[in-house]
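1. pasting a predicted model and its sequence here:
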Amino acid sequence: MSDTTSTPALSLRGIDKAYGAVQALSEVNFTIYPREVVAIVGDNAAGKSTLAKIIAGVITPDAGIIESEGIPVTIPTPASAHALGIATVFQELALCDNLDVVSNLFLGRELRRGRYMDEAAMEEIARKILRDLTSRIPSVRTLLSSLSGGQRQSVAIARTLLGNPRIVVLDEPTASLSVSQTAEVLTHIERMRDLGHAVVLISHNMSDVRAVADRIEVLRHGRNNGSFPGYSTSYEEIIAAITGAADFSTQTR
Ligand SMILES: Nc1ncnc2c1ncn2[C@@H]1O[C@H](COP(=O)(O)OP(=O)(O)OP(=O)(O)O)[C@@H](O)[C@H]1O
């Protein structure tokens with residue numbers, strides 16, 4: 001259950017971002033609380049990825065205020081996002097096919113014991129994280145190249161959880177997954193919320209979003225166009241906000 005009585009984990013207000021002549025975001029507001037899954041939805045070019053990249057510190061906004069746990073911050077780089085407890089899984093999962101699950105999880109931050117890598121400790125942590133996510137990967141020593149798309153997504157999510165982030169941003173995590181793999185990823189999202197993480201879910205898939213999101217934020221042409229409770233909003237209502245058949249621009253959180 002989200003904790004909307006507490007200070008927001010992250011809050012963005014009045015965010016503008018232009019790429020040359022293209023105004024990708026205009027006066028966008030976005031808030032997420034601890035233990036909350038918030039979906040950002042919208043048509044192509046609505047500004048979803050741009051907002052995700054601002055949260056991830058990949059790009060900086062031209063204007064607007066960002067607060068982390070109520071404190072004004074800037075997120076000029078991915079390292080500063082990381083320092084604020086924000087982890088992002090981009091669509092290109094950035095995993096190594098020729099390495100196993102453990103090596104992918106700990107790539108660049110291997111645990112050592114003296115001069116040697118502490119394989120046993122890394123295996124144990126990998127198993128625990130995957131168990132917490134209820135992942136069905138058979139062995140942490142499986143090579144990435146032999147995993148399904150859904151299992152690879154599990155590894156990418158597990159890798160972000162190693163740093164125990166407050167906020168996890170998932171960019172289209174179920175794109176190109178089968179029905180059963182999608183169900184597995186949606187379970188991971190629910191587990192992350194149960195474990196106390198706030199999850200930002202960028203998605204095109206309305207049934208995914210309605211299945212797991214506590215709240216759905218619609219972007220249209222780079223502006224907010226409505227904020228809806230996830231479980232009780234009809235498919236038609238969300239589509240109307242996405243397509244502009246209905247104007248919800250004043251109804252944002
Ligand atoms: N690096 C860039 N240079 C120029 N224009 C860009 C750049 N990135 C995004 N845009 C433009 O900004 C607008 C918003 O793009 P963005 O990728 O944020 O939308 P989106 O909602 O994620 O779309 P999609 O669902 O198609 O990925 C679009 O008009 C896009 O063409």
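-> Looks like it came in fine.

2. give me the secondary structure label for Pro8.
-> Using DSSP: H, G, I helix; E, B strand; the rest coil, the structure places Pro8 in coil.

3. looking at the stretch 51-200 of the chain, which residue is nearest the ligand?
-> When scored by CB to the nearest ligand atom, the stretch 51-200 of the chain has Leu51 as its residue closest to the ligand, at 6.9 Å. For glycine as for every other residue, the C-beta is placed from the backbone atoms N, C-alpha and C.

4. and that residue, which of the three is it?
-> Quick answer, by three-state DSSP: Leu51 is helix.

5. surely it meets Leu25?
-> Yes. Between Leu51 and Leu25 there is a contact under CB atoms under 8 Å: 6.3 Å.

6. quick check: neighbours shared by those two?
-> Counting by CB atoms under 8 Å, 6 or more residues apart in numbering, the contacts common to Leu51 and Leu25 are Ile15, Leu219.

7. beta partners of the closest residue to Glu110 other than its chain neighbours?
-> In this structure, Glu110 finds its nearest non-sequential neighbour in Met117, 5.2 Å apart by CB to CB, 6 or more residues apart in numbering. Beta bridges link Met117 to Arg112, judged by DSSP bridges.

8. and if you look at Lys17?
-> Leu25.

9. Arg113: neighbour count?
-> 10 (other CB atoms under 10 Å).

10. circling back to that earlier point, I'd say the residue nearest to Glu110 and Leu107 touch.
-> No. Using CB under 8 Å, Met117 is not in contact with Leu107, being 11.7 Å away.

11. doesn't Arg210 fall inside a helix?
-> Yes. Counting by three-state DSSP, Arg210 is part of a helix.

12. quick check, pLDDT for it.
-> Listed pLDDT for Arg210 reads 91.

13. now do the contacts for it.
-> So Arg210 contacts Ile216, Gly230, Tyr231, Thr233, Tyr235, Ile238 (CB under 8 Å, 6+ apart).

14. just the buried members of those?
-> Buried members of the contacts of Arg210, counted by 16 or more other CB atoms under 10 Å: Ile216, Gly230, Thr233, Ile238.

15. which one of those is nearest to Glu124?
-> Nearest to Glu124 among the buried ones among the contacts of Arg210: Gly230, at 34.9 Å, using CB to CB.

16. mind checking how far the closest one is from Ile125?
-> Remark: distance between Gly230 and Ile125 (CB to CB, to the nearest Å) = 32 Å.
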